[in-house]
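> Output the structure for:
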Amino acid sequence: MSTRGRAVSFVRTAVLFVAAWTASPAGAADIVVSIEHEGPVTMIRAYARIAANAATAWRVLTDYDRYDRFIPGVRASRTLVRDGAKVTVAQSDDVAVGVLPLRVDVTYDIVESPPDRLRSHAHAGALPELDSLYALVPDGSGIRLDYIGRIEGGFPLIAPVARSALAANVTRRFRALAGEIERRTVVAHRGH
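Alright, predicted model coming up:
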């Protein structure tokens, strides 16, 4: 990559970092997102420090059938198959590709490693595919939710725009998951 290309990539990453930092939901004090576009691949790294326990965080992460209730843009989400640690989930999502709103049917092939890790592979026809890793890490009196995502492939004419749209969608999802973990923790504490 040329010096100019690295500079543009750095600026793009810095802008997204600042946007992610300033757009964090109330209460989720420490959410950081980094997005890097390198040729045909987009990498997303994120973490959130949350005053919650790992059990609550795991319940939220694996509450696939209720994602439509707390993740923006998810119209429907249901578990199709559960076979031990392997889960297949179908979702209908609203994604903005450029200025066009698009409804996308996505299938997630998930491998759960309780109590602290899950991997997923998302595919939706001609759109790029997304490989994700979520990990829950003890962090002081709470947990840190770590995320690594890799977006790649898709129909060549729309792939660059679609990768950017998917990266923005992943960022919204990550913030929503962190916010729901925090919300359920607060509700649980009020109940005691």
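
> Would you agree L145 is in contact with Y134?
Yes. L145 lies in contact with Y134 (CB atoms under 8 Å); the separation is 6.8 Å. For glycine as for every other residue, the C-beta is placed from the backbone atoms N, C-alpha and C.

> top strand in the chain by residue count?
Criterion DSSP state E: the longest strand present in the chain is strand 100-113.

> So which other helices or strands are in contact with that strand?
Strand 100-113 sits against strand 86-97, strand 117-123, with contacts defined as 3 or more CB pairs under 8 Å, 6 or more residues apart in numbering; DSSP states H and E.

> Which residue comes closest to I148 once chain neighbours are left out?
Among residues not flanking I148 along the chain, L133 sits closest, at 4.8 Å (CB to CB, 6 or more residues apart in numbering).

> can you check H123 too?
E129 (5.0 Å).

> returning to what we had before: make JSON lines out of the helices and strands packed on strand 100-113 and add mean neighbour count and distance to G153.
Putting the helices and strands packed on strand 100-113 into JSON lines (neighbours: other CB atoms under 10 Å; distance: least, CB to CB, whole Å) gives the following:
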{"stretch": "strand 86-97", "mean neighbour count": "17", "distance to G153": "15"}
{"stretch": "strand 117-123", "mean neighbour count": "17", "distance to G153": "9"}
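
> Noted, bye for now.
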